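J.: Coordinates for the following, if possible.
(one chain, ligands or ions: 1)
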Amino acid sequence: MNIEIFSESIKKLADQLSRCNLSFHRWNDRHLLDSNDVEEIAQFFFIGNSINYKFWYNSSQQKYKYKNYTGSAAMWASMKDKKKLINLESIASGNNIEMILDPLLPMRTERTKSLLEAGEVLLDSFSGSVLKLCDQAEWHAPTIVEIITEHFPMWKDQQRKIKFNKRAQLFVAMLHGKLGAESKIRDIDKLSCLADYQLPRVLRHFGVLNYSNKLTQTIDNEILICRDSDLEIEIRLATIEAMDLICDELKIKHNLRVSPIQLDYILWAQAKGISKPHHLTPTIAY
Ligand SMILES: Nc1nc2c(c(CN[C@H]3C=C[C@H](O)[C@@H]3O)cn2[C@@H]2O[C@H](COP(=O)(O)O)[C@@H](O)[C@H]2O)c(=O)[nH]1
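T.: Prediction:
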């Protein structure tokens with residue numbers, strides 16, 4: 001065991017959170033597509049999340065940049081600038097990928113494969129419509145995630161039978177938040193938080209996750225943690241458990257019903273001000 005969850009820190013953090021606006025993020029950020037066309041938004045969120053992973057090169061400090069943006073925001077901003085090229089037929093044919101993918105993005109080979117798969121499968125199995133995929137799931141959040149991970153192998157994020165499905169769940173959360181009152185998505189609260197590299201960093205910063213000396217050394221010295229290793233899975237599981245406990249505390253002590261996926265972005269966004277590194281696992285999952 002390399003991680004302990006501190007209940008005192010959970011109480012303190014829940015207390016702070018209880019005084020914040022805990023509603024779903026609306027994804028109206030400047031680097032995201034703004035459109036009244038729901039299909040266009042859904043497609044943009046889908047294509048973006050198909051390559052929403054690993055924005056670091058060799059360390060937490062060395063991040064992909066585009067214009068004034070860093071990390072995932074830079075990827076979204078670059079996709080937004082190229083939105084006219086995001087045409088499923090040409091993505092699936094491989095023709096536009098060279099132009100869509102910024103050459104500076106890490107894991108270019110994997111991202112090319114992710115984009116090709118997204119284009120091909122959306123066209124072949126869902127008539128090129130992300131909304132059709134949601135219709136097929138009857139807008140039931142966990143079913144949308146299931147359909148995505150069944151049809152798009154690159155989205156499958158399952159380790160030792162544990163379904164993390166970080167990118168598929170983020171896609172659903174983004175669509176739900178963006179649609180706001182118009183959202184037909186059901187059972188969004190059945191999704192888990194998104195076990196990426198920033199959320200555990202935030203939970204560690206707030207003292208919720210307490211790392212063993214070995215893990216502290218590994219992360220602070222920016223030593224790579226292998227994909228599918230016990231350590232990687234422990235970090236991801238502890239993140240989910242801690243987020244569930246924070247939600248329990250908000251409910252029991254503060255009478256606030258907040259789901260882990262609702263709380264996810266609120267805490268994720270806190271990563272910006274943290275100086276300690278995040279864990280480094282080269283992966284297409286997050
Ligand atoms: N748990 C959780 N993880 C999330 C998100 C988002 C949201 N995305 C954006 C869309 C509009 C917003 O303004 C954001 O820019 C990205 N990530 C993950 O973080 C990592 C990138 O981190 P950094 O290098 O610092 O950008 C990477 O694994 C990415 O997949 C979230 O909401 N929850």
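J.: roughly how far apart are residue 29 and residue 64?
T.: From residue 29 over to residue 64 the distance is 17 Å, taken as Cβ to Cβ, to the nearest Å. Just so you know, the C-beta spots here come from the backbone N, C-alpha and C atoms, and that holds for glycine as well.
J.: Compare neighbour counts for the two and give me the winner.
T.: Neighbour count, other Cβ atoms under 10 Å: between residue 29 and residue 64, residue 64 has more, with 21 against 13.
J.: Quick check: closest non-adjacent residue to that one.
T.: residue 55 (4.6 Å; Cβ to Cβ, 6 or more residues apart in numbering).
J.: Repeat that for residue 147.
T.: Distance criterion Cβ to Cβ, 6+ apart; nearest residue to residue 147, sequence neighbours excluded, is residue 137 at 5.1 Å.
J.: ok, now residue 171?
T.: The shortest distance from residue 171 to any non-neighbouring residue, by Cβ to Cβ, 6+ apart, is to residue 49 (4.3 Å).
J.: Same check on residue 3?
T.: Setting aside the residues directly before and after it, residue 3 is nearest to residue 238 in space (Cβ to Cβ, 6+ apart), at 4.3 Å.
J.: Now do the phi/psi pair for the one you found.
T.: Dihedral pair for residue 238: phi -60, psi -30, per degrees, to the nearest 10.
J.: thinking again about what came up before, contacting residues around the residue nearest to residue 64?
T.: Residues near residue 55 by Cβ atoms under 8 Å, 6 or more residues apart in numbering: 63, 64, 70, 71, 72, 74, 75, 105, 106.
J.: same check, this time on residue 112
T.: Contacts here follow Cβ under 8 Å, 6+ apart; on that basis residue 112 touches 97, 101.
J.: re the thing from before, model confidence score at the residue nearest to residue 64, please.
T.: Note on residue 55: pLDDT of 98.
J.: again, but for residue 134
T.: 98.
J.: how close does it sit to residue 61?
T.: Noted for residue 134: a distance of 38 Å to residue 61, by Cβ to Cβ.
J.: In the stretch 1-150 of the chain, which residue sits closest to the ligand?
T.: Residue of the stretch 1-150 of the chain nearest the ligand, by Cβ to the nearest ligand atom: residue 71 (2.5 Å).
J.: State the number of residues packed around that residue.
T.: Residue 71 is flanked by 18 other residues according to other Cβ under 10 Å.
J.: list the contacts for the closest residue to residue 56 other than its chain neighbours?
T.: Once flanking residues are discounted, residue 56 sits nearest to residue 63: 5.5 Å by Cβ to Cβ, 6+ apart. Counting by Cβ under 8 Å, 6+ apart, residue 63 touches 55, 56, 57, 70, 71, 74.
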